[in-house]
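Peer 1: Whatever this is, show me its structure:
(2 chains)
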Amino acid sequence: MSTSTTPKSLKVDDKIWMAIRKLRQFTTNELAQIIGDKHLEYIISYISLLHKTGYLKVISKNKYTRTYQIIRDTGPKTPVVYKSIYDPNNNMIYIKTKENGGDNENINYYI
Amino acid sequence: MKNTFVLTQNVRKFIDAMNSITGRNKNIPGMGLIYGEPGLGKTRTSLWWALANNGRFIRIKKLMTGRWLLEEIITELGEQPAYKTADLYRQIVDILNRNPTPLFIDEIDYLTDRNTIETLRDIHDTTANPIIFIGMDTADKKFARYKHLYDRFSEILRFTELSLEDIQKILRELSDYEVSDDAIQYIAEQKPRFRKIISSLYIAEQIAKRTNLKKITAEVLKKGVNL
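Peer 2: This next block holds a predicted model:
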């Protein structure tokens, strides 16, 4: 049995990931209402990266807002941002793909 | 529209209930039941509170067994589930004793197996850790049948429809525009859910922006908002 001290207190990334998994469908403004408006810019950039790496899809959009849906819920551990995304749930690194506005072919890495 | 979390009457009652549960004397049971019809903000409110207070969510699935539930709780608490069921139980008790963490058990209506429901009570009795059930409008009647469990609910809160005061608060706190009394009255007459008010306000703000209005009135709402 593990003796690690969990759960740790939540950082902004953790809050965003937990909120996404709970709400399933959301806008960045809804996340900012729940997490805090001062984090809006960060929320937008983290959501953008999750979208570009294939965790989210846009289910509706207009001139002012997009509604996202989570399509890759790998588990409770928060995917770590480092240019690409490291996901501790399945030890995968997901990179931005051309399909989603990134520079790479649709190749993901298992480490 | 502003990104503010509005403290409606339901939210204020929820905060009071959670303060009672988390701040209670440990001899008093610390389970809670939050219930009500969909769209009244149970999920948003409990998520907002959980993010600020290090709570965790477990969503019940229709096919969930006791073992599956225990594994899910451990995973959500950030650890790798043990192999044997007895170890799973001990593992949860160990984690929660080390790090008390309010657990929100969502979609509780799907939980029908008596043993699984009683297991949650056992976890609470062994650890005194706050456990809050979130369910639909008939959840209180359902759990009243489980007397040993129902007695542990030190807080039972039913989310009710938004009052006129709530609607006024939501519109005035979130809107970038002034909102007239007749607009508030018009929305209140439709008895809308929270989500519907937000989408209506959003459309009304777009109309106001396009037509250079300074105020959202009932007339603006009637133009573009199909409540």
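Peer 1: The helix or strand of chain B with the lowest mean pLDDT and chain A, any residue contact?
Peer 2: The helix or strand of chain B with the lowest confidence, counting by mean pLDDT, DSSP states H and E, is helix B:218-224 at a mean of 80. No - where contact is defined by Cβ under 8 Å from any Cβ of the partner chain, no part of helix B:218-224 touches chain A; the two come within 13.1 Å at best. In short, each C-beta sits where N, CA and C put it, glycine included.
Peer 1: buried ones in that helix?
Peer 2: Of the residues in helix B:218-224, those buried under the neighbour-count criterion (16 or more other Cβ atoms under 10 Å in any protein chain shown) are B:218, B:220-221.
Peer 1: Summarise which helices and strands that helix is packed against.
Peer 2: Helix B:218-224 is packed against helix B:181-189, helix B:194-210, with contacts defined by 3 or more Cβ pairs under 8 Å, 6 or more residues apart in numbering or on different chains; DSSP states H and E.
Peer 1: secondary structure class for residue 10?
Peer 2: Unless you meant another one, I'm taking chain A. Classification of A:L10 into helix, strand or coil gives coil, according to DSSP: H, G, I helix; E, B strand; the rest coil.
Peer 1: Chain B was what I was after
Peer 2: In three-state terms, and counting by three-state DSSP, B:N10 is helix.
Peer 1: What is the burial count for it?
Peer 2: Other residues near B:N10 number 23, with proximity taken as other Cβ atoms under 10 Å in any protein chain shown.
Peer 1: Just the endpoints, please. Distance across stretch B:28-39?
Peer 2: End-to-end span of stretch B:28-39 (Cα to Cα, to the nearest Å): 31 Å.
Peer 1: in chain A, which ranges drop under the pLDDT threshold?
Peer 2: Residue ranges of chain A with pLDDT under 70: A:1-8, A:83, A:96-111.
Peer 1: hmm, back to that, comparing the helices and strands packed on helix B:218-224 by mean pLDDT, which bottoms out?
Peer 2: Between these, the one with the least mean pLDDT is helix B:194-210; it has a mean of 84.
Peer 1: helices or strands up against it?
Peer 2: Checking 3+ Cβ pairs under 8 Å, 6+ apart, helix B:194-210 ends up next to helix B:164-174, helix B:181-189, strand B:215-216, helix B:218-224.
Peer 1: which stretch of helix or strand covers the most centrally placed residue in chain A?
Peer 2: Nearest residue to the geometric centre of chain A (Cα atoms, centre = their mean): A:L50, 4.0 Å. Secondary structure assignment for A:L50, by DSSP states H and E: helix A:40-52.
Peer 1: Which elements pack onto the next helix or strand along the chain from that helix?
Peer 2: Proceeding N to C from helix A:40-52, the next assigned helix or strand is strand A:56-61, under DSSP H and E. Taking 3+ Cβ pairs under 8 Å, 6+ apart as the contact definition, the neighbouring helices and strands of strand A:56-61 are helix A:40-52, strand A:66-70.
Peer 1: export those to CSV and tack on distance to B:V179?
Peer 2: Written out in CSV, the entries for the helices and strands packed on strand A:56-61 read as follows (distance: least, Cβ to Cβ, whole Å):
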stretch, distance to B:V179
helix A:40-52, 22
strand A:66-70, 24
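Peer 1: just so I know, which of those lies nearest chain B?
Peer 2: Closest to chain B of the helices and strands packed on strand A:56-61, according to Cβ to the nearest Cβ: helix A:40-52, at 6.2 Å.
Peer 1: packing partners for that closest one?
Peer 2: Using 3+ Cβ pairs under 8 Å, 6+ apart as the contact criterion, the secondary-structure elements in contact with helix A:40-52 are helix A:12-23, helix A:28-35, strand A:56-61.
Peer 1: right, and B:S175 touches B:I203 too?
Peer 2: No - here B:S175 does not reach B:I203: they are 11.9 Å apart, not a contact under Cβ atoms under 8 Å.
Peer 1: Need the residues touching each of these two.
Peer 2: Residues touching both B:S175 and B:I203 (Cβ atoms under 8 Å, 6 or more residues apart in numbering or on different chains): none.
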